[in-house]
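Engineer: got a structure for you, letters missing:
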């Protein structure tokens, strides 16, 4: 099964949306493999946002992401990265479709509640940054027989 990283950003933590976000992914049928609250520091953020390091908005982004703790999660499922990205909606939250997390709860481009890995490859990189091996759990989600067809689970 594919894994993907999700962060509930400082605005999502402040607004009390952690439970709502977790509930949406659980109801979808994804499996939670890791969850922790963490305060981000400069070194972690520079590694996490390496592609934004030289952009003019990076200092503000870094300041925002350090302003309060975030909740880091690792979700698992078939096509997990694509599924989660669809569920969260577009980055500019006021343009996100109703029914998505951002579409239902956010209005800003930066204060958009949530981060999700862009691809399975990005998820692997982000997982290595955010989680130690002892932070993650491999457990059997017994209701997968009601979430996926046999053929889907075996592929």
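Structural biologist: The structure has been received and is ready for your questions. Since we're looking at a predicted model, the values are computed, not measured.
Engineer: Show me where this protein dips below the pLDDT cut-off.
Structural biologist: Applying pLDDT under 70 to the chain picks out no residues at all.
Engineer: Would you map the helices across it?
Structural biologist: 10-14, 18-28, 42-48, 58-66, 80-88, 101-105, 120-130, 150-154 (DSSP state H).
Engineer: in the fourth one, what counts as buried?
Structural biologist: This means helix 58-66. 62, 64-66 (16 or more other Cβ atoms under 10 Å). In this view, the C-beta of every residue, glycine as well, is placed from N, C-alpha and C.
Engineer: Return the member of these nearest to residue 109.
Structural biologist: Checking those against residue 109 by Cβ to Cβ gives residue 64 as the nearest, at 11.4 Å.
Engineer: how close does the closest one get to residue 2?
Structural biologist: Distance of residue 64 to residue 2, computed by Cβ to Cβ, to the nearest Å: 29 Å.
Engineer: same thing with residue 32?
Structural biologist: Separation of residue 32 from residue 2 (Cβ to Cβ) stands at 14 Å.
Engineer: Check residue 67 too.
Structural biologist: Residue 67 is 31 Å from residue 2, by Cβ to Cβ.
Engineer: Those two: who's more crowded?
Structural biologist: The residue with more neighbours, out of residue 67 and residue 2, is residue 2; 18 against 15, by other Cβ atoms under 10 Å.
Engineer: Could you give the bridge partners of the more buried one?
Structural biologist: Beta bridges link residue 2 to residue 77, judged by DSSP bridges.
Engineer: wouldn't it be in contact with residue 119 here?
Structural biologist: No: assessed by Cβ atoms under 8 Å, residue 2 is found out of contact with residue 119, at 9.9 Å.
Engineer: buried ones in stretch 26-34?
Structural biologist: Buried residues in stretch 26-34, counted by 16+ other Cβ under 10 Å: 30-34.
Engineer: Can you tell me which of the buried residues of helix 58-66 is closest to residue 147?
Structural biologist: With Cβ to Cβ as the yardstick, the closest approach to residue 147 among the buried residues of helix 58-66 comes from residue 65, at 32.6 Å.
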